[in-house]
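Colleague: Build me a model:
(one chain, ligands or ions: 3)
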Amino acid sequence: MQQVKAVVARGKGQPVELVTINVPNPGPGEALVKVQACGVCHTDLHYREGGINDDFPFLLGHEAAGVVEAVGPDVTTVAPGDFVILNWRAVCGDCRACNRGEPQYCFATHNATQKMTLAEGPDAGTELSPALGIGAFAEKTLVAAGQCTKVDPSARPAAVGLLGCGVMAGIGAAINTGAVTRGKSVAVIGCGGVGVAAITGSALAGASTIIAVDIDAKKLEQAKKMGATHTVDSSKVDPVAAIQELTGGNGADVVIEAVGRPETWKQAFYARDLAGTVVLVGVPTPDMKIPDIPLIDVFGRGGSLKSSWYGDCLPTRDFPMLVDLYQQGRLDLDAFVTEEIGIGDIEAAFEKMHHGDVLRSVVIL
Ligand code: APR
Ligand code: ZN
Ligand code: ZN
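Modeller: Ligands and ions are numbered 1, 2, ... in the order given. From the prediction side, this is the model:
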């Protein structure tokens, strides 16, 4: 057992606190990771606001890279000293998805078995719920060994750690779920961190037309720098008509919804070409409903309506590949790191999210 500093959300809507936690030594199937960098994601804020579930206290942070410090007795996939990106898809290898050869949909992913606990205060000893089974706003965290994906150790932790969640979700929404390939037309609705990553992924895959749609002109500027060929300000013009106009009157082959709202999903539905694909990567809230769309339009327009969880990524396949492209200068992950901050600055980073000036604040440990 070790004691380390970590950021915890103790109760619904309460500011996060920097506290000391107990981290058990790794047991069978587990790894202890010394965290080097961890991005601040909307999901961390959703946990703090009680929007995910009520399992307080949460140990926040889940977009991280670090070095393995110790592993459990039976662990062979990683060893102390390995540089790893943490993932929340440690596949089981034996569920119905894994067995049919689709581990990216694994229904029984692994997390650490032992619990980290609060080390101080009246509630000392209380078990922590790590965000997405990771909990990496901490000097060290305990995860399942399969949550550690080894990558090129010379890569910058702050940049490649972002592949652990939001950036992978966006890139994967394009290349895995949307199957964007050379010559396709793509529209991305919502150009925050996830949407911009979808734009980057589409550019990487060779899409010829990449239309960025947002209601914030600043976001469109940024999207242009990250590979968008056209921009549409949907606070000023009808995005469906604009996307059709930019694609020969037809609509885009793939439309990626990266906001998570019924009205933007409806825009995506009508802005795609016949037989095209809609990918929903934005996360809706439980009260939202599918918009009122005539069923004949669903049938008549053909194609597919998909959702993308974690960019349908398989960490062992996708992380090393994307890190290699980054190292070769072909994928600009540095552009996602707006600022590097300390472990005490997370509330301020949450605040900045509302202003929309930041793609990612990354905590350096
Ligand atoms: N039309 C177009 N764009 C919109 C609209 C709208 N009606 N409403 C909001 N946006 C834009 C915002 O201006 C912002 O640029 O969507 C973007 C959302 O970006 P962020 O708030 O930075 O969120 P991000 O981290 O990109 O995540 C997007 O994916 O993973 C999920 O939970 C996440 O649902 C969220 C979504
Ligand atoms: Zn499985
Ligand atoms: Zn995230």
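Colleague: from here on, contacts and neighbour counts on C-alpha atoms
Modeller: Fine.
Colleague: For stretch 306-319, buried residues please.
Modeller: Under the neighbour-count criterion of 16 or more other C-alpha atoms under 10 Å, stretch 306-319 has S307, S308, W309, Y310, G311, D312, C313, L314, P315, T316, D318, F319 buried.
Colleague: how about the residues of this structure near ligand 3?
Modeller: C41, C165, G166 (C-alpha under 5 Å from the ion).
Colleague: Tell me if I'm right that the first one and G166 touch.
Modeller: It stands for C41. Yes. Using C-alpha atoms under 8 Å, C41 is in contact with G166, at 7.2 Å.
Colleague: hey, what's in contact with both of the two?
Modeller: E63 (C-alpha atoms under 8 Å, 6 or more residues apart in numbering).
Colleague: between these two, which one's more packed in?
Modeller: For C41 versus G166, the count of surrounding residues by other C-alpha atoms under 10 Å is larger for G166: 28 against 23.
Colleague: Helix or strand: which one has the closest residue in space to that one that isn't next to it in sequence?
Modeller: The shortest distance from G166 to any non-neighbouring residue, by C-alpha to C-alpha, 6 or more residues apart in numbering, is to V194 (5.5 Å). In this structure, V194 sits in helix 193-204 according to DSSP states H and E.
Colleague: Now tell me what touches that helix from outside.
Modeller: Contact with helix 193-204 is made by 166-175, 180-181, 186, 188-189, 210, 212, 223, 226-228, 256-258, 330-331, 336, 359-360, as judged by C-alpha under 8 Å, 6+ apart.
Colleague: Buried subset of those residues as a ChimeraX selection?
Modeller: Only the buried entries of these go into this ChimeraX selection, using 16+ other C-alpha under 10 Å:
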select :166,167,168,169,170,171,172,173,174,175,180,181,186,188,189,210,212,223,226,227,228,256,257,258,331,336,359,360
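Colleague: dump the residue contacts of the spatially most central residue of the chain.
Modeller: For the chain, the residue sitting closest to the mean C-alpha position, by C-alpha atoms, centre = their mean, is G166 at 2.2 Å. The contact partners of G166, by C-alpha under 8 Å, 6+ apart, come to C41, E63, G193, V194, A197, Y310.
Colleague: Could you see whether ligand 1 lies near the helix or strand of the chain with the lowest mean pLDDT?
Modeller: Here the helix or strand of the chain ranked lowest by mean pLDDT, DSSP states H and E is helix 346-355, holding a mean of 92. No. Figure legend: helix 346-355 not in contact with ligand 1 (C-alpha under 6 Å from any ligand atom); closest approach 6.8 Å.
Colleague: which element follows that helix toward the C-terminus?
Modeller: strand 361-364.
Colleague: K34 should be in a strand, yeah?
Modeller: Yes. Using DSSP: H, G, I helix; E, B strand; the rest coil, the assignment for K34 is a strand.
Colleague: That one pairs with what?
Modeller: In this entry, K34 is beta-bridged to V67, K140, by DSSP bridges.
Colleague: So it sits against V67, correct?
Modeller: Yes. The criterion here is C-alpha under 8 Å, and K34 meets it with V67 at 5.3 Å.
Colleague: Would you state the helices of the stretch 201-350 of the chain in chain order?
Modeller: Along the stretch 201-350 of the chain, counting by DSSP state H, counting those that start in this stretch, helices occupy 217-225, 239-246, 262-271, 295-301, 315-327, 346-355.
Colleague: So for N25, which of these sits nearest?
Modeller: Proximity to N25, assessed across these by C-alpha to C-alpha, is greatest for helix 315-327 (24.5 Å).
Colleague: helices or strands up against the closest one?
Modeller: strand 148-150 (3 or more C-alpha pairs under 8 Å, 6 or more residues apart in numbering; DSSP states H and E).
Colleague: strand partners of the strand it packs on, parallel vs antiparallel please.
Modeller: Assessed with DSSP bridges, strand 148-150 is paired to strand 83-86 (antiparallel).
Colleague: Following the chain past the strand it pairs with, name the next helix or strand.
Modeller: Remark: after strand 83-86, the chain's next helix or strand is helix 96-99, criterion DSSP H and E.
Colleague: just how off-centre is that following helix within its chain?
Modeller: Relative to its chain's centre, helix 96-99 lies at 23 Å (C-alpha atoms, centre = their mean, to the nearest Å).
Colleague: Now do it: everything it contacts.
Modeller: Contacts of helix 96-99 (C-alpha under 8 Å, 6+ apart): V91, C92, G93, P103, Q104, Y105, C106, F107.
Colleague: Let's see that with 7 Å instead.
Modeller: Residues from elsewhere that reach helix 96-99 (C-alpha atoms under 7 Å, 6 or more residues apart in numbering): G93, P103, Y105, C106, F107.
Colleague: what's the distance between the fourth one and V298?
Modeller: Read that as C106. 28 Å (C-alpha to C-alpha, to the nearest Å).
Colleague: These two - which one has more neighbours?
Modeller: In terms of neighbours (other C-alpha under 10 Å), C106 is the more surrounded of C106 and V298; the figures are 21 against 14.
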